[in-house]
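Asker: pasting the sequence and the predicted model now:
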Number of protein chains: 2
Amino acid sequence: MKRITIYDVAKEADVSLATVSRVINGSEVVREDTRVKVQEAIEKLGYKPNAIAQGLALQKTTTIALIVPEASYFYTGQIINGLIDVAKIYKYNLMLHTTTEGITEMNDIIENIIKSRVDGVVIFNDKLNKEELNQLTKYQVPIVVIGNKMSDETVGSVYVDYSSLVYDYAMDCIAKGKKRLALIEDRKNPAMIKQLRDGLSRAYKENGMEFDGYIEIPKEYRSSYLFLKEYVKDGVPYDVVITYRDSQAMAVMNTVKEAGMNIPDDVELVCILDSKYNSMARPQISGFKIPDYDLGAVAMRLLTKMLTDENDVPDKEIELSYIFTPRKSTK
Amino acid sequence: MKRITIYDVAKEADVSLATVSRVINGSEVVREDTRVKVQEAIEKLGYKPNAIAQGLALQKTTTIALIVPEASYFYTGQIINGLIDVAKIYKYNLMLHTTTEGITEMNDIIENIIKSRVDGVVIFNDKLNKEELNQLTKYQVPIVVIGNKMSDETVGSVYVDYSSLVYDYAMDCIAKGKKRLALIEDRKNPAMIKQLRDGLSRAYKENGMEFDGYIEIPKEYRSSYLFLKEYVKDGVPYDVVITYRDSQAMAVMNTVKEAGMNIPDDVELVCILDSKYNSMARPQISGFKIPDYDLGAVAMRLLTKMLTDENDVPDKEIELSYIFTPRKSTK
């Protein structure tokens, strides 16, 4: 599987390597007959110019590193689709990296990425805090974070304010007399659950109450379903149960039904992160449509701006909105 | 955002660019005191050696291109996880590309990929046929296809034989007296549906019958659910209904229940591509566990072999097996 190299082209055209390189990179200093000779050699041999070498010659690579948590979720998939569509428009390549752990492993990954001289980095991570952000800025490479609101000279972000989302929803519930709200713990997304608890606490405080509806899943239970099966046996002392993911909403629905209760008559159910599966459940589960595709697309667009305008991007913290989709699990 | 370059290091250490390059690439010809001087300059300035330039110097990049259909599905996510885990072990970078259309767009993508001189390519595509494979082999770069069985000098594949899967299942059903099987069309996966129809036809033929249970979704219906809502109204004249994806299985379940029938007593239901959502449905839906993570991991392992052993990989067509997971939708 010997590959045709630039050396073969130079030999075939009987010119120097530098000349072949200049032709490939569109330099003006090559004579027309030489250029034709080189082009003919390239075509004859089927040589593919090496984009990496071209990038070096032009002092520019065209690669963006994308760091996402393990790519298992429907949600991440749509974010990647959004990123890629915009990356294609601007002719950037995407180098994919995934993380299973927290910031420690991420620092190693970023270290490697910086070494490969990418133009910029997009990180999908809603767990980064201010201190960890400071670690990122030292790299002097534009970084866009999808998840949390944060920015700095070289860092921008695109996010949905989940704390405000659930705050607004809770204020509305309380105004309608539904004062007993529950939030189910999600072990896989502690940072997100913290945001949601903050929003709920704020809404309760403004109404002169304290939020006490956080339902922890004890460590000994392997799944939310197994815990909830026990928990709902003697009734659910809440007006509305809120879950983060669809699978938890389905666990609530299945266990409540199996205990002989009715949704939404005995208890209402809301899922924060909406998915197509919420519509397939019976009753259909109400949820918040998060613009996941847009999160990716806007993040990549922001990065292209940071790459070209450098210090002149007016807003590097972009908040995207959400839409509440009421279905049959709420009244 | 000025970045430290190799030129800054050369200036700081008061040596030539070539010397800095030799130190970075571990060349033996540099004197020890010069090497120390360069290393000190690198550390003082915080210079990150450019992996691209290193790759050129060593005549080797360490990048694999991964081409997947739009990354929306849970299934694709697990394949990517498998690929990445093995790629990490062998220290390959993954360049991500997605396709929305068929082979035409794919050829453009491959053309670009080859130009960037990757070491190899992994394509997740179960629609490639023999003719399209021939187009791939001309690139002289090792390619592993996830999806269909195929191989050639530079091409290998990792796949699940869906035709045999459904053949085995149908043979078993027929032996048990369940002779009326239905397969629901899936507009998004025509190549897969063709494989399944072939397997069913083969099983029927061997039993002296002809398979006539293919249910097409007429173009005027926006979704399987809307069509099935009409279709099942007067009963379902089949013993077992087979769907490819979980969302179609749920459409069958919802419409059958809404028409007042019972699963599995009035009709059984099987989903080929199992997912966690099948366990959340009530009754839980039986399905085939496909080793999606393994498809990715084995594909990357095969590619690493093809990259190092070149023409000496004994088996370039690797079939992975599946496990039938009976739940409550079958008897």
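Answerer: Right, received. Where do you want to start? Keep in mind that this is a model prediction, so the values were computed, not measured.

Asker: spatially central residue in chain A, please.
Answerer: The residue lying closest to the centre of chain A (Cα atoms, centre = their mean) is A:Phe124, at 3.8 Å.

Asker: quick one: that residue and A:Asn148 touch, right?
Answerer: No. Using Cβ atoms under 8 Å, A:Phe124 and A:Asn148 do not qualify as a contacting pair, with a distance of 10.7 Å. From N, CA and C alone the C-beta is placed, and that goes for glycine too.

Asker: quick one on the thing from earlier: which residues touch the residue nearest to the centre of chain A?
Answerer: A:66-69, A:76, A:79, A:146-147 (Cβ atoms under 8 Å, 6 or more residues apart in numbering or on different chains).

Asker: among those residues, which are within reach of chain B?
Answerer: A:66, A:76 (Cβ under 8 Å from any Cβ of the partner chain).

Asker: could I get the contacts of A:Phe124 in a markdown table, plus columns for distance to B:Leu45 and secondary structure?
Answerer: Shown next, in a markdown table, are these (distance: Cβ to Cβ, whole Å; DSSP: H, G, I helix; E, B strand; the rest coil):
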| residue | distance to B:Leu45 | secondary structure |
| --- | --- | --- |
| A:Leu66 | 28 | strand |
| A:Ile67 | 26 | strand |
| A:Val68 | 31 | strand |
| A:Pro69 | 33 | strand |
| A:Thr76 | 37 | helix |
| A:Ile79 | 36 | helix |
| A:Ile146 | 31 | strand |
| A:Gly147 | 32 | strand |
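
Asker: the stretch 201-331 of chain A: strands as residue ranges?
Answerer: A:214-215, A:240-243, A:268-273, A:286-289, A:317-320, A:323-325 (DSSP state E, counting those that start in this stretch).

Asker: redo those as JSON lines? Include mean neighbour count and distance to B:Val232.
Answerer: Shown next, in JSON lines, are those (neighbours: other Cβ atoms under 10 Å in any protein chain shown; distance: least, Cβ to Cβ, whole Å):
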{"stretch": "strand A:214-215", "mean neighbour count": "16", "distance to B:Val232": "38"}
{"stretch": "strand A:240-243", "mean neighbour count": "26", "distance to B:Val232": "31"}
{"stretch": "strand A:268-273", "mean neighbour count": "26", "distance to B:Val232": "27"}
{"stretch": "strand A:286-289", "mean neighbour count": "20", "distance to B:Val232": "27"}
{"stretch": "strand A:317-320", "mean neighbour count": "15", "distance to B:Val232": "40"}
{"stretch": "strand A:323-325", "mean neighbour count": "14", "distance to B:Val232": "27"}
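
Asker: can you redo the ones you listed as CSV with mean pLDDT and distance to chain B?
Answerer: Shown next, in CSV, are these (pLDDT from 0 to 100; distance: least, Cβ to the nearest Cβ, whole Å):
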stretch, mean pLDDT, distance to chain B
strand A:214-215, 98, 19
strand A:240-243, 98, 13
strand A:268-273, 96, 12
strand A:286-289, 95, 15
strand A:317-320, 93, 19
strand A:323-325, 93, 17
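
Asker: what domains does the record give for chain A?
Answerer: Domain assignment for chain A by automatic domain parsing gives A:1-58, A:63-160+A:292-321, A:162-289.

Asker: nearest to B:Asp246, of those?
Answerer: domain A:162-289 (8.3 Å; Cβ to Cβ).

Asker: show the end-to-end separation of the closest one, please.
Answerer: 12 Å (Cα to Cα, to the nearest Å).

Asker: quick check: residues of the stretch 201-331 of chain A near chain B?
Answerer: By the criterion of Cβ under 8 Å from any Cβ, the positions of the stretch 201-331 of chain A lying close to chain B are A:247, A:250-251, A:254, A:257, A:276-277, A:280, A:282, A:310-311.

Asker: what about the residues you listed, which are in helices?
Answerer: Using DSSP state H, the members of these that fall in helices are A:247, A:250-251, A:254, A:257, A:276-277, A:280.

Asker: buried only: go through these for me.
Answerer: Buried by 16 or more other Cβ atoms under 10 Å in any protein chain shown: A:247, A:250-251, A:254, A:257, A:277, A:280, out of these.

Asker: one step back: need the ones in helices among the residues of the stretch 201-331 of chain A next to chain B in a markdown table with pLDDT and distance to B:Glu111, can you?
Answerer: Below are those laid out as a markdown table (pLDDT from 0 to 100; distance: Cβ to Cβ, whole Å):
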| residue | pLDDT | distance to B:Glu111 |
| --- | --- | --- |
| A:Ser247 | 93 | 41 |
| A:Met250 | 97 | 44 |
| A:Ala251 | 97 | 47 |
| A:Asn254 | 97 | 50 |
| A:Lys257 | 96 | 54 |
| A:Lys276 | 89 | 35 |
| A:Tyr277 | 92 | 38 |
| A:Met280 | 95 | 40 |
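
Asker: for those, work out which two are farthest apart.
Answerer: Longest span within these, Cβ to Cβ: A:Lys257 and A:Lys276, 20.6 Å.

Asker: pull the most distant pair out of the contacts of A:Phe124.
Answerer: A:Leu66 and A:Gly147 (13.4 Å).

Asker: which of these two has more neighbours?
Answerer: Neighbour comparison, A:Leu66 and A:Gly147: the larger count goes to A:Leu66, with 26 against 22 (by other Cβ atoms under 10 Å in any protein chain shown).

Asker: who's in contact with that one?
Answerer: By Cβ under 8 Å, 6+ apart, the neighbours of A:Leu66 are A:80, A:83, A:94-97, A:121-122, A:124, B:96.

Asker: let's go with 6 Å and repeat that
Answerer: If a contact means Cβ atoms under 6 Å, 6 or more residues apart in numbering or on different chains, then A:Leu66 has A:94, A:96, A:122 as its contacts.

Asker: swap in A:Asp309?
Answerer: So A:Asp309 contacts nothing (Cβ under 6 Å, 6+ apart).

Asker: relative to A:Tyr92, how far out is it?
Answerer: Going from A:Asp309 to A:Tyr92 by Cβ to Cβ, to the nearest Å gives 16 Å.

Asker: same question, A:Val38
Answerer: Between A:Val38 and A:Tyr92 the distance is 28 Å, computed by Cβ to Cβ.

Asker: and stretch A:313-331, how far apart are its ends?
Answerer: Terminal residues of stretch A:313-331 lie 44 Å apart, using Cα to Cα.

Asker: and the average pLDDT for stretch A:224-236 is what?
Answerer: Stretch A:224-236 shows a mean pLDDT of 94.

Asker: with stretch A:300-309 instead?
Answerer: Rounded mean pLDDT across stretch A:300-309 is 88.

Asker: could you do stretch A:179-194 as well?
Answerer: 92.

Asker: how about it: buried residues?
Answerer: For stretch A:179-194, a neighbour-count test (16+ other Cβ under 10 Å) marks A:179, A:181-186, A:189, A:192-193 as buried.

Asker: before we move on, what about stretch A:12-23?
Answerer: A:12-13, A:15, A:19-23.

Asker: and A:Ala259, what are its phi and psi?
Answerer: phi -90, psi 10 (degrees, to the nearest 10).

Asker: need the nearest residue in space to it, chain neighbours excluded.
Answerer: With sequence-adjacent residues excluded and distances taken as Cβ to Cβ, 6 or more residues apart in numbering or on different chains, A:Ala259 is closest to A:Val232, at 4.9 Å.

Asker: ok, now which ones touch that neighbour?
Answerer: A:Val232 neighbours (Cβ under 6 Å, 6+ apart): A:255-256, A:259.

Asker: of those, closest to A:Ser223?
Answerer: Within these, distances to A:Ser223 taken as Cβ to Cβ reach their minimum at A:Thr255, with 10.8 Å.

Asker: tell me how far the closest one lies from chain B.
Answerer: 11 Å (Cβ to the nearest Cβ, to the nearest Å).
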